[in-house]
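**Student:** when you get a sec, could you give me coordinates for this:
(2 chains)
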Amino acid sequence: MTEEIIIAGFGGQGVLSMGKILAYSGVMEDKEVSWMPSYGPEQRGGTSNVTVIISDERICSPIISKYDTAIVLNQQSLDKFENTVKPGGLLIYDPNGITREPTRKDVNIYKIAATEKAQEMGISKVFNMVVLGGFLKLKPIVGSEFIHKGLEKSLPARHHNLIPQNEEAIEIGKGLIEAVHTL
Amino acid sequence: MAKELKLMKGNEAIARAMIASGTDGYFGYPITPQSEVMETLMAEKPWETTGMVVLQAESELASINMVYGGAATGKKVATSSSSPGISLMQEGLTYLAGAEIPCVIMNAMRGGPGLGTIQPAQSDYFQSVKGGGHGDYQLYTIAPSSVQEMYDFVFDAWDIAFKYRNPVLILTDGAIGQCMEKCYTRDFIPRWTEEERRQHAPWGTWGKPANRSHNIITSLELESSRQEVFNQKLQAKYREMEEKEVRFEALNCEDADYIFVAYGTSARICMKSMELARAKGLKVGLLRLITLYPFPKKQIAELAKKVKGMLCVEMSAGQMIEDVKLAANCSIPIEHYGRFGGIIPSPEEVLEAMEKEIVK
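**Tutor:** This next block holds a predicted model:
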């Protein structure tokens, strides 16, 4: 199993930490992982993305241009990464602020209204965990017990009291994701 | 601290390995994409645990000369920077090599020339292995291609540096520096005691007891005949390194018709290109260079007898290819493929270059 994922959105949406939690969960499940952020001026311009690879084998390049899954959280990211999903792959987006819907017919497309949900819950910070839940519902590449350990590892100890809240958000995300176009 | 499995950035791995390998001092000046080295050191506060000194110097010139001063006493002293900062350090590096002072320098290469970009590049190959500073000298140059190697090579670097009394350059880039991967940390090696330091560095400027003769660490020699003898000694040391310390990884080379030659980030990309090529039925292998100096000349010469062509992949305009062609004596088609200025090639375009330029 090798899953190559790009997560992209605005800075502050928790894109990098979502990737980190996923990567750490992979480590806990004894898988090979890599987490490669965009750190250049584009990051300073407000958009942010991270490539996460989780695999049973040694990972070739941490930098790739085609992905099994793209999780895009704003219009710019959708525009940039829609065409980088491998045929038969998975595209997940949050419809919030989207004016041009994805058009690919050779990939599975799902949407998750995570921004709206997190606002409704009154904790916008768990937005990224709602999205992660949606992804894990479709591709349970790491078990939930390892997600728990991943949260423990990637969050500083002073934030461990927030783990139940994050896990709840993941569960909500699992129920929230809906198909737009499937193969 | 004991062995542990952690997810960490390459730059963080360098810093943690410095602490764990018993490094005595780090002198640096921040520059993207390697600022996390000093950030991690400052956060870890090793001066409270191992006693390691961490100091932000006022410039790269100051840091490399602090390395000279500290390391001349036989202490394990290191610095890190990125391309423009390493350019500033070149005078210090040739002095360190000329005075035979062991030390460790890390260069996280970024796109040049000049201040260039902050994104990854491999365009400092010439500077690293062909001098950079003046005079006939060599830096033992080792190129990690994973976070684990960033960590492990710091330990290896100290071994080599003291074995040969020579500066060691860890040549990497922002991609490996910023990427997080799994890393197994090691048991801490305690810093050398005063006694141990004198054993490991009998040449060091650690004082002049009555039974010790006058000892000066310098690269200055006004008498040409003595300088020539010294240079011959340096060259003999370099030949010994070439004989004994070459490191590389050959992947799928046994049955390969074509091979990629690459190091660091490019080698990781080539691993993926190789996988894509094999899926298409093309017998492609990868020679991943680990030491850039000493250069794996013999291995390339051997491979050149077996394969039909080589593609050198480097994030530069084509620097390493010169040494590959020399080693292979231009006996087979050897081409370069690279992107530069901070652009990282995709595995697909690297494979396309292999098919277009070499396989045909």
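**Student:** only C-alpha atoms for contact and neighbour calcs from this point on.
**Tutor:** OK.
**Student:** okay, which residue of chain A is out on the far edge from center?
**Tutor:** Farthest-out residue of chain A from its mean C-alpha position, per CA atoms, centre = their mean: A:Arg158, at 23.9 Å.
**Student:** for that residue, grab phi and psi.
**Tutor:** phi -70, psi -10 (degrees, to the nearest 10).
**Student:** try the one 4 residues further on
**Tutor:** Here is the backbone geometry of A:Leu162 (degrees, to the nearest 10): phi -90, psi 0.
**Student:** now the one 4 residues further on
**Tutor:** Geometry field for A:Asn166 lists phi and psi as phi -60, psi -40, criterion degrees, to the nearest 10.
**Student:** residues in contact with it?
**Tutor:** A:Val126, A:Met129 (CA atoms under 8 Å, 6 or more residues apart in numbering or on different chains).
**Student:** do you know how far it is from chain B?
**Tutor:** According to CA to the nearest CA, to the nearest Å, A:Asn166 stands 20 Å off from chain B.
**Student:** and the gap between the residue farthest from the centre of chain A and chain B?
**Tutor:** Following CA to the nearest CA, the distance that separates A:Arg158 from chain B is 17 Å.
**Student:** what about that residue, distance to A:Lys105?
**Tutor:** 45 Å (CA to CA, to the nearest Å).
**Student:** what does chain A put close to chain B?
**Tutor:** Contact residues (CA under 8 Å from any CA of the partner chain) of chain A with chain B: A:24, A:27, A:32-37, A:39-40, A:60-65.
**Student:** inside helices: which ones of those residues?
**Tutor:** When DSSP state H is applied, these are split such that A:Tyr24, A:Val27 fall in helices.
**Student:** nearest to B:Gly174 among the residues of chain A next to chain B?
**Tutor:** Distance to B:Gly174, by CA to CA, is smallest for A:Tyr39 among the residues of chain A next to chain B, at 9.0 Å.
**Student:** need the helix or strand of chain A with the lowest average pLDDT.
**Tutor:** helix A:41-44 (a mean of 59; mean pLDDT, DSSP states H and E).
**Student:** before we move on, what SS does B:Ala97 have?
**Tutor:** When classified by DSSP: H, G, I helix; E, B strand; the rest coil, B:Ala97 comes out as helix.
**Student:** show me where chain A has helices.
**Tutor:** Using DSSP H, helices in chain A cover A:15-28, A:41-44, A:75-81, A:114-121, A:127-138, A:144-154, A:163-176.
**Student:** neighbours of B:Leu5, just the number please.
**Tutor:** B:Leu5 sits with 12 neighbouring residues when counted by other CA atoms under 10 Å in any protein chain shown.
**Student:** just want the most central residue of chain B.
**Tutor:** B:Ile170 (2.4 Å).
**Student:** assumed that residue was part of a strand.
**Tutor:** Yes - assigned with three-state DSSP, B:Ile170 falls within a strand.
**Student:** OK, contacts around it?
**Tutor:** B:Ile170 neighbours (CA under 8 Å, 6+ apart): B:Val104, B:Ile105, B:Met106, B:Asn107, B:Thr141, B:Ile142, B:Ala143, B:Pro144, B:Phe153, B:Val154, B:Ala157.
**Student:** run through the bridge partners of residue 109.
**Tutor:** By default, I'm working from chain A. Counting by DSSP bridges, A:Ile109 is bridged to A:Leu91, A:His181.
**Student:** let's do chain B instead
**Tutor:** Applying DSSP bridges, one finds that B:Met109 bridges with B:Asp173.
**Student:** on that earlier part again, ok, the residue nearest to the centre of chain B to A:Gln13 distance?
**Tutor:** In terms of CA to CA, B:Ile170 sits 35 Å off from A:Gln13.
**Student:** count of residues packed around B:Met18?
**Tutor:** 28.
**Student:** please identify the helix or strand for it.
**Tutor:** B:Met18 is part of helix B:10-20, with elements assigned from DSSP states H and E.
**Student:** give me the contacts around that helix.
**Tutor:** By CA under 8 Å, 6+ apart, helix B:10-20 touches B:34-38, B:40-41, B:46, B:50, B:52, B:146-148, B:150-152, B:154-155, B:176-181, B:183, B:185-190.
**Student:** considering the contacts of B:Ile170, which possesses the most neighbours?
**Tutor:** B:Ile142 (31 neighbours).
**Student:** ok, now which ones touch that residue?
**Tutor:** B:Phe153, B:Val168, B:Leu169, B:Ile170, B:Leu171, B:Ile290, B:Thr291, B:Leu292, B:Tyr293.
**Student:** just give the nearest non-adjacent residue to the fourth one, would you?
**Tutor:** Meaning B:Ile170. Excluding its sequence neighbours, the residue lying closest to B:Ile170 (CA to CA, 6 or more residues apart in numbering or on different chains) is B:Met106, at 4.6 Å.
**Student:** is that neighbour in a helix, a strand, or coil?
**Tutor:** The three-state label given to B:Met106 by three-state DSSP is strand.
**Student:** ranges for the strands of the stretch 201-350 of chain B?
**Tutor:** With DSSP state E, counting those that start in this stretch applied, the stretch 201-350 of chain B shows strands at B:248-251, B:258-263, B:284-289, B:291-293, B:309-313, B:334-337, listed in chain order.
**Student:** got a pLDDT number for the residue lying closest to B:Gly132 once chain neighbours are set aside?
**Tutor:** Distance criterion CA to CA, 6+ apart; nearest residue to B:Gly132, sequence neighbours excluded, is B:Gln90 at 6.0 Å. Per-residue pLDDT puts B:Gln90 at 98.
**Student:** same check on A:Gly11?
**Tutor:** In this model, A:Gly11 carries a pLDDT of 80.
**Student:** ditto for A:Tyr39
**Tutor:** Note on A:Tyr39: pLDDT of 64.
**Student:** quick one: average pLDDT of stretch B:340-350?
**Tutor:** pLDDT averaged over stretch B:340-350 gives 93.
**Student:** wait, does it make contact with chain A?
**Tutor:** Yes - under the criterion of CA under 8 Å from any CA, chain A is reached by stretch B:340-350 at B:Ser346, B:Pro347.
**Student:** give the contact list for residue 25.
**Tutor:** You didn't pick a chain, so chain A it is. A:Val142, A:Phe146, A:Ile147, A:His148, A:Lys149, A:Gly150, A:Leu151.
**Student:** to clarify, I was referring to chain B.
**Tutor:** Applying CA under 8 Å, 6+ apart, the residues contacting B:Gly25 are B:Met52, B:Val53, B:Val54, B:Leu55, B:Gly70, B:Lys75, B:Lys76, B:Val77, B:Ala78.
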